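Undergrad: have a look at this prediction, sequence included:
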Amino acid sequence: MHKITNSGWVEVVTGCMFSGKTEELLRRLRRAEIAGQEVAVFKPALDDRYGDATVGSHNGRQWDATVVDAEAGVWEIAESLNGEQVVAIDEANFFSEELVEVCEALAADDRRVIVSGTDQTFRGEPFEPVPRLIALAEYVDKYQAICAVCGEPATRNQRLIDGEPAHVEDPTIMVGAEESYEARCRNCHTLRTE
């Protein structure tokens, strides 16, 4: 809780894949734990890349998490709390738009809410609800990765299917890591259209 305003707040950690979003989320959680704050961590059921009930980064760091149905169970985040001061939500881009209301309610309840997720689809379009959370958050950090093609700062998620760029009409959500995605800069990011 902010000491002057006696209120909670929302922090958003965003950027493309492989930019260190979850690593930063885990760093903030470690610091909160060191400060003696109670922490609750949530993740969408859809993301099972690093274990069923674990938030994990690409470099292997992990934290136990409560799994939530990203569409139907988003209010379970608020309902399952037991006095925790810090609430972390990973892969916010997989949640429904209701996540924005949940985060606003948690902050109004004097909690620190840390949200991590990519703000763009593989097409380079806004990946809701993260852009709305960015607009409403008190603190926003956007991270970059390194372009897998040219080595410049990367801000885009390049989806690959059998080593080739995904088609523009492919489904928006496809859970994956190094086998399906690369970080790319604006110039190296491509989509198949035929």
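TA: Good, I have the coordinates.

Undergrad: and stretch 125-137, how far out from the chain middle?
TA: How far stretch 125-137 lies from its chain's middle: 11 Å, per C-alpha atoms, centre = their mean, to the nearest Å.

Undergrad: list the contacts of it.
TA: Residues outside stretch 125-137 that contact it (C-beta atoms under 8 Å, 6 or more residues apart in numbering): 9-12, 14, 92-93, 95-97, 99-100, 103-104, 115, 117-121, 140, 172. (Each C-beta comes from the backbone N, C-alpha and C, glycine too.)

Undergrad: span of it from start to end?
TA: End-to-end distance of stretch 125-137 (C-alpha to C-alpha, to the nearest Å): 20 Å.

Undergrad: okay, buried residues for that stretch please.
TA: Going by neighbour count (16 or more other C-beta atoms under 10 Å), the buried part of stretch 125-137 is 127-131, 133-134, 137.

Undergrad: so for it, mean pLDDT?
TA: For stretch 125-137, the mean per-residue pLDDT is 97.

Undergrad: now intersect the contacts of stretch 125-137 with the helices, please.
TA: Of these, the ones assigned to helices by DSSP state H are 99-100, 103-104.

Undergrad: now a PyMOL select for only the buried ones of those.
TA: Those of the ones in helices among the contacts of stretch 125-137 that count as buried under 16+ other C-beta under 10 Å are selected in PyMOL with:
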select buried, resi 99+100+103
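
Undergrad: give the buried residues for the lengthiest helix in the chain.
TA: Across the chain, the longest stretch assigned as helix under DSSP H is helix 21-34. By 16+ other C-beta under 10 Å, the buried positions in helix 21-34 come out as 21-26, 28-29, 32.

Undergrad: other SSEs contacting it?
TA: strand 9-15, strand 39-44, strand 54-56, strand 62-64, strand 86-89, strand 112-116, strand 139-143 (3 or more C-beta pairs under 8 Å, 6 or more residues apart in numbering; DSSP states H and E).

Undergrad: let's test this: mean pLDDT of that helix, rounded?
TA: Taken as a whole, helix 21-34 has a mean pLDDT of 95.

Undergrad: what of stretch 165-179?
TA: 80.

Undergrad: first-to-last residue distance for it?
TA: First-to-last distance for stretch 165-179 - C-alpha to C-alpha - comes to 12 Å.

Undergrad: ok now that stretch, how far from the chain's centre?
TA: Taking C-alpha atoms, centre = their mean, one finds stretch 165-179 lying 17 Å from the centre of the chain it belongs to.
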